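Student: Predicted structure and sequence below. I'll ask about it afterward.
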Amino acid sequence: MSAARLSLSFASLVVLTLASAPAAISQPNTVHKTTLQDQPFPPPVYHSVTVRTVVDAGGEVLPHTHPGAEMGYVLEGRAELRVTGQPQRTLAAGDSFSIPARTVHSVKNAGSGALTMLSTYVVDKRQPISSPAP
């Protein structure tokens, strides 16, 4: 094989390896959020947002904060809720929870099936509804 062909083959192999690397190291998306309502409340600065969150088996909502309060309800499954300054709680379908504004928290699916939650946030609409924990 000529040196030019060998170089071209090697370059092609490097490009293919690099192009497939993100797929090999990326995780599947295990958290699915659907905004059900988004209404001014109280207007004009704040809004109330209702979100349905589904966490697949083995999935986790990583530590994060909200600029306002979160009120939630477990529709289906089991959850391990961690809130800074509070003991860890295990929640099941029918349980509710509330999280104060700007408080770091996370949720892990503690069951074998999907975890489904319904949450309402009252937040300043000029800020992102959620931010990763510092």
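Tutor: That came in fine, so what should we check first?
Student: C-alpha from now on. contacts and neighbour counts both.
Tutor: OK.
Student: and the closest residue to Thr50 other than its chain neighbours, what does it touch?
Tutor: In space, Thr50 comes closest to Thr120 once its chain neighbours are excluded; the distance is 4.3 Å by C-alpha to C-alpha, 6 or more residues apart in numbering. Thr120 makes contacts with Ser48, Val49, Thr50, Val51, Glu70, Met71, Gly72, as judged by C-alpha atoms under 8 Å, 6 or more residues apart in numbering.
Student: gap between the first one and Lys108?
Tutor: By that I understand Ser48. 24 Å (C-alpha to C-alpha, to the nearest Å).
Student: and if you look at the last one?
Tutor: Gly72 sits 15 Å away from Lys108, going by C-alpha to C-alpha.
Student: which residues sit against the helix or strand where His32 lies?
Tutor: Using DSSP states H and E, His32 sits in strand 31-40. Outside of strand 31-40, the residues within contact range by C-alpha under 8 Å, 6+ apart are 46-56, 59-61.
Student: quick one: which of those is nearest Glu76?
Tutor: Val54 (9.1 Å; C-alpha to C-alpha).
Student: So for that closest one, what's the pLDDT?
Tutor: Per-residue confidence at Val54 stands at 98 (pLDDT).
Student: Just give the strands next to the strand or helix carrying it in its sheet, each with its orientation.
Tutor: Val54 belongs to strand 46-55 when assigned by DSSP H and E. Partners of strand 46-55 in the sheet, by DSSP bridges, are strand 31-40 (antiparallel), strand 115-124 (antiparallel).
Student: any idea which of the ones you listed is most buried?
Tutor: Of those, the one with the most neighbours on average (mean count of other C-alpha atoms under 10 Å) is strand 115-124, at a mean of 22.
Student: Give the next helix or strand downstream of that strand.
Tutor: Counting by DSSP H and E, what follows strand 115-124 is strand 131-132.
Student: Any stretches of the protein with poor pLDDT?
Tutor: 1-28 (pLDDT under 70).
Student: Distance of the residue nearest to the spatial centre of it relative to Leu81?
Tutor: Geometric centre of the chain, nearest residue: Val61, 4.3 Å, by C-alpha atoms, centre = their mean. From Val61 across to Leu81, the span is 10 Å (C-alpha to C-alpha).
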